[in-house]
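Participant: predicted model and sequence below, questions to follow.
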Amino acid sequence: MAESAWAYPALEVAHLLGVAVLVGNLVAFELRVLGAARELPIRTFARLSLVLAVIGFCLVALSGLTLFAAHPGEMLANRAFVLKMGLVMAAGVNAAIFHARDGLNKLDAVARAQTLASLGLWIGAMICGRWIAYV
């Protein structure tokens, strides 16, 4: 990657596209859980948005691992990167708990709180991602 003028920037673009697909679909899903667009059946909407979110996450993970491999020492020493990874892990645990407790069928106060937490965690991860270059 060090020998190519376009490889690293192309991976950054892929990473950003993955984030857009992931977070964009999560926001739409979370808004539905919070009560927006009640005319849309939650299960049908979830099937579409969550599949797209997983595709976005796969793109983020693949591009992110490749970007990390280019500068692992720098990344591990970067506080913004470490915080970003912690937020992403917390978002993953939050999502696993949401689905394990069948939040999609309950749509209760806990499910709504988890969607708000998810939104905050992903926004925090995106902010940290941008700060990596400046810390």
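Facilitator: Looks like it arrived, so ask away.

Participant: quick one, what contacts L87?
Facilitator: Residues in contact with L87, defined by C-beta atoms under 8 Å, 6 or more residues apart in numbering, are 121-122, 124-125, 128. Placement of C-beta: from N, CA and C, glycine included.

Participant: where's it relative to W131, distance?
Facilitator: 12 Å (C-beta to C-beta, to the nearest Å).

Participant: do P9 as well
Facilitator: Taking C-beta to C-beta, one finds P9 at 19 Å from W131.

Participant: looking at the two, which is more packed in?
Facilitator: Neighbour count, other C-beta atoms under 10 Å: between P9 and W131, W131 has more, with 15 against 10.

Participant: excluding its backbone neighbours, what's nearest that one?
Facilitator: Distance criterion C-beta to C-beta, 6 or more residues apart in numbering; nearest residue to W131, sequence neighbours excluded, is A80 at 3.9 Å.

Participant: list the residues that contact the one you found.
Facilitator: A80 neighbours (C-beta under 8 Å, 6+ apart): 128-129, 131-132, 134-135.

Participant: turn those into CSV, columns for pLDDT, distance to R112 and secondary structure.
Facilitator: Shown next, in CSV, are these (pLDDT from 0 to 100; distance: C-beta to C-beta, whole Å; DSSP: H, G, I helix; E, B strand; the rest coil):
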residue, pLDDT, distance to R112, secondary structure
C128, 98, 25, helix
G129, 96, 26, helix
W131, 97, 29, helix
I132, 95, 31, helix
Y134, 93, 34, helix
V135, 88, 33, coil
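
Participant: return the lowest-mean-pLDDT helix or strand in the chain as PDB; C-alpha atoms alone will do.
Facilitator: The helix or strand of the chain with the lowest confidence, counting by mean pLDDT, DSSP states H and E, is helix 103-106 at a mean of 93. The C-alpha coordinates for helix 103-106 follow below in PDB (Å, rounded to 0.1, in the frame of the first residue of the first chain):
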ATOM      1  CA  GLY A 103     -36.200  -6.000  21.500                       C
ATOM      2  CA  LEU A 104     -37.700  -6.000  18.000                       C
ATOM      3  CA  ASN A 105     -40.800  -7.700  19.300                       C
ATOM      4  CA  LYS A 106     -41.000  -5.900  22.600                       C
END
